[in-house]
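>>> got a structure for you, letters missing:
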Ligand SMILES: C[S@@+](CC[C@H](N)C(=O)[O-])C[C@H]1O[C@@H](n2cnc3c(N)ncnc32)[C@H](O)[C@@H]1O
């Protein structure tokens, strides 16, 4: 069935519905391990909503498409259903989940990582995005910036054939957990993020040169820090893990005027 709404067609809304029961169960099994009320983003025709409603927890389902909202309300009388845009709706829920439109992955993730309310997010995103966020094959700048506050875990690959219509790429289940104790004090977050940005975008032939430039620290201090932290073999910022970023921040960048 071709689906139209005042928000645009199926393609614009990223309406790739999950149809594989094993994948739906796998997704909900990750959510089951979390605690507290749940917000489901992009509930669609309720394939995940149905299983979530069996967890016996408070559940709010949103979708931007009014036809889905109408049908969700008819099918799920005990849960709260709202017609809402995931880029605007409140994120004041302990747990945020969803098979989110692939085209909105980055803005939704950015929004989530800025919000302070939730403690777990379970998202079905494009496989490459889920992999990179989880730091497999190198971290993205966004992950490196967020890592002192969040743990990113990859919980499995979802073949494109498990969706209808079939997207051009596989999906991946990403579980993001807020750290109870951040590895960098939250009042230093802006400075830390700037340091990561400056290092990711900095110029230099070696990591030492890049960090010397991004921090303004003397090159001897940078070389000593990299050696003390056993990081001399690392060539690119994306290959630094969260412990390395945090150590470099506290040794070389935190107390330097910028
Ligand atoms: C990939 S489908 C997932 C549907 C269903 N949860 C499933 O897994 O089969 C994404 C859903 O997000 C909805 N959507 C698209 N843009 C949205 C937005 N900005 N805010 C909320 N929902 C949106 C679409 O209408 C669609 O139902």
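Here it is on my side, so go on. Note that the coordinates shown come from a computational prediction; the quantities given were computed from them, not determined experimentally.

>>> can you pull out the strands in the stretch 51-200 of the chain?
Counting by DSSP state E, counting those that start in this stretch, one finds strands in the stretch 51-200 of the chain at the ranges 59-63, 80-83, 95-99, 120-126, 150-158, 163-164, 171-178.

>>> counting contacts, what elements does the third one pack onto?
Packed against strand 95-99 by the contact rule (3 or more C-beta pairs under 8 Å, 6 or more residues apart in numbering; DSSP states H and E) you find helix 21-32, strand 38-41, helix 47-52, strand 120-126. (Each C-beta comes from the backbone N, C-alpha and C, glycine too.)

>>> And the pLDDT for the closest residue to the ligand within the stretch 151-258 of the chain?
Using C-beta to the nearest ligand atom, the closest approach of the stretch 151-258 of the chain to the ligand is made by residue 163 at 7.2 Å. What the model reports as pLDDT for residue 163 is 96.

>>> ok, now the one 4 residues further on?
At residue 167, the pLDDT value in this model is 93.

>>> Burial check on the nearest residue in space to it that is not next to it in sequence, number of neighbours?
Take residue 167 and drop its neighbours on the chain: the residue closest to it by C-beta to C-beta, 6 or more residues apart in numbering is residue 16, 4.9 Å away. When neighbours are counted by other C-beta atoms under 10 Å, residue 16 registers 22.

>>> got the contact list for residue 16?
99, 101-102, 163-167 (C-beta atoms under 8 Å, 6 or more residues apart in numbering).

>>> most neighbours, which of the residues you listed?
Going by other C-beta under 10 Å, residue 99 tops the contacts of residue 16 with 27 neighbours.

>>> what about it, distance to residue 171?
8 Å (C-beta to C-beta, to the nearest Å).

>>> between those two, what contacts are shared?
Joint contacts of residue 99 and residue 171 (C-beta under 8 Å, 6+ apart) are residue 124.

>>> Identify the bridge partners of the closest residue to residue 122 other than its chain neighbours.
Distances taken as C-beta to C-beta, 6+ apart put residue 97 closest to residue 122, at 4.5 Å, once the chain neighbours are dropped. With DSSP bridges as the criterion, residue 97 is bridged to residue 40, residue 122.

>>> List the residues that contact residue 97.
27, 31, 38-41, 48, 52, 121-123.

>>> hang on, residue 245 is in a helix, isn't it?
Yes: the assignment for residue 245 is a helix, going by DSSP: H, G, I helix; E, B strand; the rest coil.

>>> Distance check, the residue nearest to it when sequence neighbours are not counted against residue 51.
Spatially, and ignoring its direct neighbours in sequence, residue 245 is nearest to residue 144 (5.8 Å; C-beta to C-beta, 6+ apart). Computed as C-beta to C-beta, the residue 144 to residue 51 distance reads 34 Å.

>>> What is the neighbour count of residue 75?
The burial count for residue 75: 14, using other C-beta under 10 Å.

>>> Could you find the closest non-adjacent residue to it?
residue 46 (5.7 Å).

>>> Now do the contacts for that neighbour.
Applying C-beta under 8 Å, 6+ apart, the residues near residue 46 are 61, 71-72, 75-76.
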